[in-house]
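[1] Predicted model, plus sequence, below.
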Amino acid sequence: MNATAVADFFQFFRSYLSNPWQVSAIAPSGQSLARLMTQEIVPGTGPVIELGPGTGIFTRALLRRGIAERDLLLIEYGSDFVRLLQERFPRARVLWMDARQLAQYERFTAPASAVVSGLPLLSMSPRKVIAILTGAFRHMQEGG
Ligand SMILES: C[S@@+](CC[C@H](N)C(=O)[O-])C[C@H]1O[C@@H](n2cnc3c(N)ncnc32)[C@H](O)[C@@H]1O
């Protein structure tokens, strides 16, 4: 484990202790999952929205896939994570908001080519999950 991964673990664990329901995991996802989650995403086809990026493990995988940082819209509800993401990905748009509110907003960008979710959907109510999915599809281009 490198120094960043160790720092991310502690940051994540602290966030989990202060808000277990929202964070829903004691540690960030690993590289293999990040690769799997992002493997179908094709660069140059439009903005990509990421829901619940946490410390940005999927975000980094998106950049490695060739998605331009300025094409990323990161939606995160944890304020400590938001600050970290703003520092790490200064050219991405980082929004501090509940992903549930997505459907209520006009598009922030051109329609997204993909939405990647790191949200703990299984610990959310069906009503909340439906609101999040409705918002995600509203912001996505046809065929996204
Ligand atoms: C299980 S963690 C996953 C973090 C990261 N994607 C990873 O795989 O390491 C869930 C993330 O979703 C965020 N989150 C939870 N509910 C949210 C909501 N309603 N809107 C936006 N972000 C939310 C949490 O703050 C946390 O960063």
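    Sure, I can see it.

[2] Just give me the neighbour total for the nearest residue to residue 42 once chain neighbours are set aside.
    Closest residue to residue 42 apart from its sequence neighbours, by CB to CB, 6 or more residues apart in numbering: residue 113 at 7.1 Å. Where you see a C-beta, it was placed from the backbone N, CA and C, and this is true even at glycine. Neighbourhood size, residue 113 [other CB atoms under 10 Å]: 20.

[3] Now do the contacts for residue 113.
    41-42, 45-48, 140-141, 144 (CB atoms under 8 Å, 6 or more residues apart in numbering).

[4] Out of those, who's the most crowded?
    Busiest of these [other CB under 10 Å] is residue 48, holding 28 neighbours.

[5] wait, isn't that residue in contact with residue 116?
    Yes. At 6.6 Å, residue 48 counts as touching residue 116 under the criterion of CB atoms under 8 Å.

[6] Could you dump the contacts of residue 113 into a markdown table with secondary structure added?
    Converted to a markdown table, those look like this (DSSP: H, G, I helix; E, B strand; the rest coil):
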| residue | secondary structure |
| --- | --- |
| 41 | coil |
| 42 | coil |
| 45 | coil |
| 46 | coil |
| 47 | coil |
| 48 | strand |
| 140 | strand |
| 141 | coil |
| 144 | coil |
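
[7] May I see those residues arranged in TSV, with pLDDT and distance to the ligand as well?
    Listed next are the contacts of residue 113 as TSV, based on pLDDT from 0 to 100; distance: CB to the nearest ligand atom, whole Å:
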residue	pLDDT	distance to the ligand
41	95	14
42	92	20
45	89	22
46	91	21
47	96	17
48	97	14
140	95	17
141	94	22
144	92	19
